[in-house]
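S.K.: Dropping a prediction and its sequence here:
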Amino acid sequence: MKLNILGCYSATPRTFTNPTSQVLEINNHIFLIDCGEGTQVQLRKNKIKFSRIKHIFISHLHGDHFFGLVGLISTFRLLGRDTELHIYSPKGLKEVITLQMKLANSWTNYKLTFHELTNKDSEIVFEDEKVEVHTIPLDHRIYTNGFLFKEKPGDRKLDMNAVLNENIDVSYYRKLKQGADVTNEAGVLVKNETVTKAPNKPKSYAFCSDTAYKEDIIPLIKNVDVLYHESTFLEKHAKLAAPTKHSTAKQAASIAKQANVGQLILGHYSTRYDDLNVFKTEAQTIFDNVVLGDDGKVFEF
Ligand SMILES: [Zn+2]
């Protein structure tokens, strides 16, 4: 997986910072996660091919998470896009976007499908043979979901030396990869684990923005490789975090620790702070493997 953070600051676009948007590359998919104002400029700066984006996941309908969407949809049309685009978002987004297109009399020339979400429990919103995407219900001022991106376990790998030694016919290779025992050409049963190796451990990534401290999400994100968790405030401003339903760096770290994640990426910083290193220091009092998200940063895992 490759995560490209296009923007990870809260509230408004500024000269050198952008509101929330990320690109996740996973098994040949390019998923766009949130689409704050200016996302299409950030996509260009980060050299992401527009045509490869076929699925967009929107966490909630606060402007700093989706105000870039109508512009991107419109640009896709101007570029002559013909591939279908799927958007997963809270209910209401279709109405907003459709009204904007209607008043401009500029409908898309590609198929645009809205998958509007209302479920308060986690659900699978996208799935193919190799990947699944689950919602992570969050606690914010309006209906909000994070998203959990998971690779499915792959096939077992053939140990070719062992397979050839056992004289197994090629037509059984598929069954072997699926974990079955097979009979070799001499008619002897060959145990699967003697000729195959376990597949690579499936990777997972959880995106959690925006949310108050919410321990309910811990079982959903248990043991993920990477967790992006918002940390709008520092603990000294916890009084601001509570009513706005945001988290502090310390709270984000507490979630990361309890969920036993591999790495925590912080983001959605309030623009009141000049020195982001304090976020890292604060989080590391609870959980060690913390990195600061920043616009243009790329993570491979
Ligand atoms: Zn918000």
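M.R.: Right, received. Where do you want to start?
S.K.: all contacts plus neighbour counts: C-alpha atoms, from now on.
M.R.: Fine.
S.K.: I figured residue 127 was touching residue 133, is that so?
M.R.: Yes. At 6.4 Å, residue 127 and residue 133 qualify as touching, with contact defined as C-alpha atoms under 8 Å.
S.K.: the more surrounded of those two?
M.R.: Applying other C-alpha atoms under 10 Å to residue 127 and residue 133 shows that residue 133 carries more neighbours, namely 20 against 14.
S.K.: who does residue 134 bridge with?
M.R.: residue 124, residue 148 (DSSP bridges).
S.K.: For it, give me its contacts.
M.R.: 122, 123, 124, 125, 126, 147, 148, 149 (C-alpha atoms under 8 Å, 6 or more residues apart in numbering).
S.K.: What of residue 233?
M.R.: By C-alpha under 8 Å, 6+ apart, residue 233 lies in contact with 240, 241, 246, 247, 248, 249, 269, 270.
S.K.: Isn't residue 113 up against residue 87?
M.R.: Yes. With contact defined as C-alpha under 8 Å, residue 113 reaches residue 87; the gap is 6.2 Å.
S.K.: between these two, which one's more packed in?
M.R.: residue 87 (19 against 13).
S.K.: so what strands line up beside the host helix or strand of residue 87?
M.R.: Element membership for residue 87, per DSSP states H and E: strand 85-90. In the sheet, strand 85-90 lines up against strand 53-57 (parallel), strand 112-117 (parallel) (DSSP bridges).
S.K.: tell me which residues of the longest one are tucked away?
M.R.: The one in question is strand 112-117. Going by neighbour count (16 or more other C-alpha atoms under 10 Å), the buried part of strand 112-117 is 114, 115, 116, 117.
S.K.: same thing with stretch 173-189?
M.R.: Across stretch 173-189, burial judged by 16+ other C-alpha under 10 Å covers 173, 176, 177, 179, 181, 182.
S.K.: cool, and stretch 220-236?
M.R.: For stretch 220-236, by 16+ other C-alpha under 10 Å, it's 220-235.
S.K.: Can you tell me which of these is nearest residue 80?
M.R.: Nearest to residue 80 among these is residue 228, at 33.8 Å by C-alpha to C-alpha.
S.K.: Would you mind measuring from the closest one to residue 105?
M.R.: Remark: distance between residue 228 and residue 105 (C-alpha to C-alpha, to the nearest Å) = 38 Å.
S.K.: got the contact list for the residue of the chain positioned farthest from its centre?
M.R.: Centroid-distance maximum for the chain: residue 186 at 49.0 Å, with C-alpha atoms, centre = their mean. Neighbour list for residue 186: residue 167 [criterion: C-alpha under 8 Å, 6+ apart].
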